[in-house]
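Visitor: Show me how the following folds:
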Amino acid sequence: MVNCNEEKDLSKILLGEIQHLERLLQDLIIQRNTNTRRQIVANEDREFLLREGENADLETEWKREEELLKSIIESKKKEFRSHIAETDKNQKIKKQSAFLKSGSALLNIFQSVDEEKFCAALPLINIVYDNQPILVNNNNIIHDNNNNHENNNVNSEQQDSNISNNNNKEKEKEINGNYSSKENGNNENGNINVHKMDDKIITIEGPNRELAEDQQSYKDSVYCKSGSSYPKHKVSGKRQGDPICDRFKVSIYRDRVLVVLADGCNWGRLPFEAANKATDAFLQFLEDNHHEINTIRKAGSYLLSAMTSAHKGIIAGKQEVWEAGTTTLIGGMLVRIDNTKRVSTIVHMDVQYTHCFVGVTLGDCKSFHYSKKNNLFTDITKGNRSNVTDARDPGGRLGPYIGHGEADLRNLSVFYKLCDEDDLILLLSDGVHDNLDPQQLGISPRDLGLQVDTWDEAGSQFPIETDNTKNDFRRKWLSDHFETSDKLEPSYITNHLLKHCMDTTQSSRDFMETNTSKLPSDYKLYPGKMDHNTCVCLKVGSYQP
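Guide: Down below sits the predicted model:
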């Protein structure tokens with residue numbers, strides 16, 4: 001009889017084999033699409049290169065290898081699913097608490113996730129809601145504050161300068177104050193609207209799949225940009241990897257921001273679709289329920305439920321769950337907090353800050369905080385990439401990946417960061433922060449004080465020290481390149497980071513566009529990682545309609 005430990009070991013072995021084969025398949029597809037000549041053919045546990053004339057039909061051979069790998073992967077997944085089903089059949093059914101009762105809301109969270117374990121470390125700090133209404137007419141915004149009125153004339157040109165978005169035309173009526181009387185309680189003349197403080201001002205999203213790169217912004221407070229550093233195909237001239245499989249979405253309220261960024265795993269229709277569906281479902285859940293959240297700890301529970309909704313959104317409507325793609329995701333809420341510290345008769349917390357960003361992450365997207373007061377960058381998702389030297393393994397993903405089509409939740413985590421007015425919160429896809437990684441920039445571990453020659457050795461022998469070293473390098477890079485706090489507006493830092501990605505990978509892109517051979521592995525000559533690149537930057541503070 002197979003015991004529990006042996007069953008777990010077999011599950012790990014099968015999952016490891018599937019992940020290894022999928023990485024081989026990913027490499028093969030990238031090599032074929034980029035006109036490389038590396039052939040994934042085992043020869044006494046080695047890999048060799050095919051040269052000119054060795055195979056008259058290299059493309060056919062590549063496709064044959066690709067189909068072979070796909071069939072092996074599918075066979076392994078069937079074996080894994082059968083093993084899981086057999087294991088489940090032999091085990092007693094345990095009722096797990098997957099719901100949290102909060103007012104009228106029932107939160108559905110991944111059954112394998114212990115909500116208390118994830119959220120217990122989050123503080124019981126109260127979130128502040130500004131319930132003060134404002135009056136809006138066609139050309140003026142009137143703030144009703146103890147009979148003190150502030151009138152701001154807003155013409156169409158000013159509105160255009162305040163909001164820059166290429167594909168958010170449907171939101172213009174919210175910005176112009178053109179609300180229907182039925183929905184917003186207009187007076188008889190239809191000129192003035194009561195707009196509650198917790199009503200949404202605007203949602204911005206992108207990128208537009210028809211654009212080579214896309215940026216969306218709201219005034220000088222929120223700036224989002226996506227691009228691609230992949231090369232163009234030598235024959236067709238089309239950029240490889242299109243459409244961009246990153247996706248961002250930001251809903252802005254007067255006293256809070258709801259934000260999400262997804263990075264589809266791989267290229268093509270399925271990861272593009274997965275990233276889009278995940279961001280839509282994640283943000284929709286938060287928009288429907290954010291008014292129920294009154295503490296940072298409760299926000300953690302709701303964010304876990306939003307992540308669960310994102311996974312369900314990916315597989316919804318699929319006849320077979322494995323037809324869906326996968327994506328990494330990071331999202332959260334930037335909220336104003338009560339710094340009077342008293343949250344109960346028992347718990348007291350001395351809070352010196354005005355705001356808090358509380359988030360959830362699965363995969364290898366990162367979040368950074370910039371403190372204007374201390375002129376300091378902090379990685380608030382430090383340690384979320386468990387495989388510190390292999391950028392191909394994100395550590396987790398939404399969408400069907402293990403078991404019966406469940407998400408890979410290995411590095412799922414919630415986090416928070418207390419903030420002050422005018423601080424910055426950054427959300428970065430791995431296509432951005434990997435280009436801040438010393439390994440990708442051709443810097444040796446010895447140069448940074450690790451007593452090994454390669455990053456693979458560093459990761460296997462000193463995983464914690466290696467993660468700390470890379471984290472320190474990224475923070476120092478950001479501090480060195482953004483020394484003057486006056487320049488650190490969301491638009492400046494976002495454009496600078498994406499330009500860095502393009503500049504860093506230029507030599508690699510030039511090589512791929514002019515050669516048919518595989519890109520050399522010399523990171524000093526060909527630094528950086530070509531990828532889809534997205535940065536979302538939020539300025540901490542209140543937001544005006």
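Visitor: Is residue 355 in contact with residue 336, as I believe?
Guide: Yes: Residue 355 lies in contact with residue 336 (CB atoms under 8 Å); the separation is 5.5 Å. All C-beta atoms are positioned from the backbone trio N, CA, C, and that covers glycine.
Visitor: Show me where the chain has its helices.
Guide: Applying DSSP state H to the chain gives helices spanning 4-33, 58-90, 115-119, 156-162, 172-176, 181-184, 269-289, 296-315, 430-433, 455-461, 463-481, 490-504, 506-514.
Visitor: What ranges in this protein fall below the confidence cut-off?
Guide: Applying pLDDT under 70 to the chain picks out residues 1-9, 23, 27, 29-59, 88-106, 131-198, 340-351, 386-391, 484-486.
Visitor: domains for it, by residue range?
Guide: Following automatic domain parsing, one gets these domains for the chain: 4-90, 120-437+482-539.
Visitor: want to try CSV for these, with distance to residue 466 and mean neighbour count as columns?
Guide: Formatted as CSV, the domains of the chain follow (distance: least, CB to CB, whole Å; neighbours: other CB atoms under 10 Å):
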stretch, distance to residue 466, mean neighbour count
domain 4-90, 20, 14
domain 120-437+482-539, 5, 19
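Visitor: so which of those gets nearest residue 111?
Guide: domain 120-437+482-539 (9.1 Å; CB to CB).
Visitor: what about that closest one, how long is it end to end?
Guide: For domain 120-437+482-539, the first-to-last residue distance is 28 Å (CA to CA, to the nearest Å).
Visitor: Now do that domain: distance to the chain's middle.
Guide: 7 Å (CA atoms, centre = their mean, to the nearest Å).
Visitor: can I get the domains of the chain in CSV with distance to residue 469?
Guide: Rendered in CSV, the data for the domains of the chain read as follows (distance: least, CB to CB, whole Å):
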stretch, distance to residue 469
domain 4-90, 24
domain 120-437+482-539, 9
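Visitor: Looking at those domains, which is nearest to residue 465?
Guide: domain 120-437+482-539 (9.9 Å).
Visitor: Looking at the helices of the chain, spot the one closest to residue 540.
Guide: Between those, helix 490-504 lies closest to residue 540; by CB to CB that is 10.6 Å.
Visitor: May I have the distance across stretch 253-267, first residue to last?
Guide: Using CA to CA, first and last residues of stretch 253-267 are 33 Å apart.
Visitor: and residue 543, how many residues sit next to it?
Guide: 19 (other CB atoms under 10 Å).
Visitor: Could you do residue 476 as well?
Guide: 12.
Visitor: One more: the one 5 residues further on?
Guide: Neighbour count for residue 481, taken as other CB under 10 Å: 13.
Visitor: For residue 516, see how far away it is.
Guide: 35 Å (CB to CB, to the nearest Å).
Visitor: returning to what we had before: need the helices of the chain in JSON lines (columns: distance to residue 108).
Guide: As requested, the helices of the chain are arranged in JSON lines below (distance: least, CB to CB, whole Å):
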{"stretch": "helix 4-33", "distance to residue 108": "25"}
{"stretch": "helix 58-90", "distance to residue 108": "20"}
{"stretch": "helix 115-119", "distance to residue 108": "11"}
{"stretch": "helix 156-162", "distance to residue 108": "38"}
{"stretch": "helix 172-176", "distance to residue 108": "30"}
{"stretch": "helix 181-184", "distance to residue 108": "29"}
{"stretch": "helix 269-289", "distance to residue 108": "10"}
{"stretch": "helix 296-315", "distance to residue 108": "6"}
{"stretch": "helix 430-433", "distance to residue 108": "28"}
{"stretch": "helix 455-461", "distance to residue 108": "36"}
{"stretch": "helix 463-481", "distance to residue 108": "33"}
{"stretch": "helix 490-504", "distance to residue 108": "34"}
{"stretch": "helix 506-514", "distance to residue 108": "43"}
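Visitor: of the ones you listed, which approaches residue 367 most closely?
Guide: helix 430-433 (9.8 Å).
Visitor: Roughly how far does the residue lying closest to residue 438 once chain neighbours are set aside sit from residue 393?
Guide: Leaving out its chain neighbours, the residue that sits closest to residue 438 by CB to CB, 6 or more residues apart in numbering is residue 473, at 4.7 Å. Per CB to CB, residue 473 is found 20 Å from residue 393.
Visitor: For the residue nearest to residue 438, give its distance to residue 298.
Guide: 36 Å.
Visitor: again, but for residue 515
Guide: Applying CB to CB to residue 515 and residue 298 gives a distance of 55 Å.
Visitor: for residue 248, same thing?
Guide: 25 Å.
Visitor: what does residue 468 give?
Guide: Distance from residue 468 to residue 298, by CB to CB: 32 Å.
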